[in-house]
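*Asks:* generate a structure from the sequence data that follows.
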Amino acid sequence: FRTSHELNTIEMLSDDDLRALVPAELVRAHRGRALTPERPVIRGTAQNPDVYFQARETVNPYYAAVPGAVQDAMTMLAQRVGRGYHLVDYSGHPDADRVVVVMGSAAETVRETVAALCARGERVGVAQMRLYRPFPVRALLDALPAGVRRVAVLDRTKEPGSSGEPLFLDVVAALAQSHTDGERPVMPVVTGGRYGLGSKELTPGMVAGVFAELARERPRPRFTIGITDDLSGTSLPYDPSLDIEPPGTVRAVFFGLGSDGTVGANKNTIKILGSEEKLHAQGYFVYDSKKSGSQTVSHLRFGTEPIHAPYLIQQASFVGCHHFGLLDRVDVLGRAAPGATLLLDCSRPPAEVWDALPRPVQEKILAKHVNVYAIDAGRIAREVGLAGRTNTILQTCFFAISGVLPRDQAIASIKAAIIKSYGRRGPEVVGKNQAAVDRALEGLHQIEVPGRVTSARELPLVVPAHAPEFVQRVTAEMMAGRGDDLPV
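*Replies:* Purely as a prediction, here's the structure:
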C-alpha cells in the first residue's frame with residue numbers, strides 16, 4: 001500500500017525508453033495470440049495420468065531461461081538510462097559478516113540503515129532480491145560476501161505450521177546446496193523473521209534491531225520485528241528513536257478529518273515543493289477505514305537530498321492540528337520533535353488558547369519546548385464564503401511558519417495551485433480561495449507559552465469507565481491511535 005500511495009519526487013522514463021524495452025513486434029505477436037472467434041483454437045484440454053507428468057516437465061527450459069532474460073532486460077535499461085539493476089543487488093560493507101536478505105519495498109529502508117551502520121564502523125550488508133520466481137540461486141550466491149557468517153531473511157508473510165517463510169526456505173536451500181557442493185566452505189547461520197504484515201511499519205530502528213540480534217552469540221532462529229509478542233516471545237527489541245534521515249530534511253505531520261480538505265491541501269503542498277528545482281518532496285497519507293469524518297494523518301518530508309524513507313515520521317519539526325477537538329482524542333504531540341512548531345486551528349482569542357489546552361498537552365509542550373501558533377481558520381473561511389473549508393488557510397500558515405520557501409514565492413505558488421485545482425469550478429470559487437490565502441496571514445498568531453502548566457482539565461476518557469475490560473484495554477487504545485503499541 002505504501003508503494004502505491006506514496007507521493008515522491010521522481011525522474012520518469014521517456015516513452016521511447018519504455019518502447020525500447022518492449023519491441024512493437026512482440027506486442028503485436030502477443031495480441032495475435034488472443035482468443036477470438038475469427039481464429040478459434042482449443043486450450044485447456046484434459047490430460048490423463050499417462051502423459052500429464054511428461055507434459056508438465058516440458059516447461060523446464062523456459063523457466064531456466066527466465067533469469068537470463070530478466071537480467072538482459074535490466075542490462076538494456078542500464079545502458080539506455082543509466083539505472084543499473086540486477087537479479088540480486090548487494091549493498092553495504094564488501095566483507096560484511098552480517099547480511100539481511102529482503103525483497104520488495106522494505107529494501108529501501110534496510111539499504112539506508114545499512115549505510116548508516118557502515119558509517120559507524122559495522123560490517124553489515126543487504127541483499128535485495130529483484131526476482132523471486134524462478135529463484136535466482138546463482139545470482140544470490142554471487143552477491144553474498146564470501147565472509148558472511150550470519151544471515152537474516154525477512155519475509156512479509158506468515159506461513160502457519162511451516163518450518164519457515166518462503167524466502168527464508170529458498171535462501172537456506174541455496175546456501176546449504178552451495179556448502180554441500182564444496183563451493184562455500186562455511187555454512188552461515190541463517191535466521192528467518194517476519195515483518196510488516198498488514199502494512200505494519202518497518203523503520204530503521206527495527207532494521208538495526210535485526211542486525212543487533214545477528215550479532216548475538218546465539219541469535220534466535222525465528223523472530224518477528226515491529227510488534228511486541230508477549231504470547232510466543234518471538235519479537236526482537238529495537239530502538240524506535242533511531243533517526244538516520246539527513247539533518248536538513250523538513251518533516252511535518254498534519255492531523256485532520258476525512259473530507260475536510262487537509263489531505264488535498266497537503267497533496268498540493270507536495271506538488272508545489274516537488275516542482276522546485278533543488279527540492280525533493282515526499283508525502284504519505286494515513287486514512288481511517290471509516291473514511292469521511294474520521295481521522296487522517298498526513299506525513300510530509302522536504303529536503304535538498306533525495307528522500308529514501310518509506311515509513312511514517314516519528315520526529316516532526318512541524319505538527320498541524322486542523323481540528324482543536326483532536327487534542328482530546330489523539331496524542332498529537334507524540335510525533336513532535338524537541339523544539340518543534342505546533343499549529344492549532346482554534347476559535348478562541350489568542351490570549352485564551354493556552355488555558356484552553358488540556359493539562360497533558362501543556363505538559364508535553366513545555367517538556368519538548370514546542371512553539372505554538374494558532375489561527376481561527378473556521379471564522380476566516382466563513383467570512384470569505386468557504387464555510388467548513390479551512391484547508392487553504394492552514395496550508396498558507398504552514399508555508400508562512402516553516403519557511404521552506406520564501407513567503408512571497410510560497411503565496412504565489414499556492415494561488416497558482418488554487419487556479420489549477422478549482423479553475424473548472426469558476427472564477428468565484430478561485431477568488432474566494434485566494435482571498436482566504438491573503439486573510440490567513442492576518443489571522444495567524446504566535447501563542448505565548450508560559451513556563452508552567454495552568455490547565456487543570458484532563459483528557460476525557462476514550463470509552464466510558466464502565467465499558468468491558470476488552471474495550472478499555474484494546475478498543476480504546478486503537479481509537480486513541482495507539483494500536484501499534486498493543487502486544488499480541
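*Asks:* and the gap between the residue of the chain positioned farthest from its centre and Thr58?
*Replies:* The centre of the chain is farthest from one residue, Asp50, which by Cα atoms, centre = their mean lies 51.8 Å away. Separation of Asp50 from Thr58 (Cβ to Cβ, to the nearest Å) stands at 15 Å. No exception for glycine: its C-beta is placed from N, CA and C like everyone else's.
*Asks:* residue ranges with poor pLDDT in the stretch 201-350 of the chain?
*Replies:* Per-residue confidence for the stretch 201-350 of the chain (pLDDT under 70) gives these ranges: 289-293.
*Asks:* spell out the residue ranges of the helices in it.
*Replies:* In chain order, the stretch 201-350 of the chain shows helices spanning 204-214, 262-274, 350-356, with DSSP state H, counting those that start in this stretch as the criterion.
*Asks:* can you show me the strands along the stretch 1-150 of the chain?
*Replies:* Counting by DSSP state E, counting those that start in this stretch, one finds strands in the stretch 1-150 of the chain at the ranges 7-8, 88-92, 98-103, 124-129, 150-155.
*Asks:* mind listing the strands the first one pairs with, and their directions?
*Replies:* Going back to what we said before, that points to strand 7-8. For strand 7-8, the paired strands and their directions (DSSP bridges) are strand 280-287 (antiparallel).
*Asks:* circling back to that earlier point, out of the helices of the stretch 201-350 of the chain, which comes closest to Ala252?
*Replies:* When the helices of the stretch 201-350 of the chain are compared for distance to Ala252 using Cβ to Cβ, the nearest one is helix 262-274, at 8.5 Å.
*Asks:* that closest one - contacts with which helices or strands?
*Replies:* strand 7-8, strand 250-257, strand 280-287, strand 295-303, helix 391-402, helix 407-422 (3 or more Cβ pairs under 8 Å, 6 or more residues apart in numbering; DSSP states H and E).
*Asks:* 6 Å - rerun?
*Replies:* Applying 3 or more Cβ pairs under 6 Å, 6 or more residues apart in numbering; DSSP states H and E, we find helix 262-274 packed against strand 250-257, strand 280-287, strand 295-303, helix 391-402, helix 407-422.
*Asks:* next, the angle helix 391-402 makes with that helix.
*Replies:* Angle between the axes of helix 262-274 and helix 391-402 is 50 degrees (criterion: axes from the mean of the first three to the mean of the last three Cα atoms, to 10 degrees).
*Asks:* next one: stretch 103-117 to chain centre, how far?
*Replies:* Computed by Cα atoms, centre = their mean, to the nearest Å, the separation of stretch 103-117 from the middle of its chain amounts to 12 Å.
*Asks:* let me redo that: stretch 239-252
*Replies:* Its chain's C-alpha centre lies 14 Å from the corresponding centre of stretch 239-252 when counted by Cα atoms, centre = their mean.
*Asks:* buried ones in stretch 191-198, by neighbour count?
*Replies:* Within stretch 191-198, the residues that count as buried by 16 or more other Cβ atoms under 10 Å are Thr191, Gly192, Gly193, Arg194, Tyr195, Gly196.
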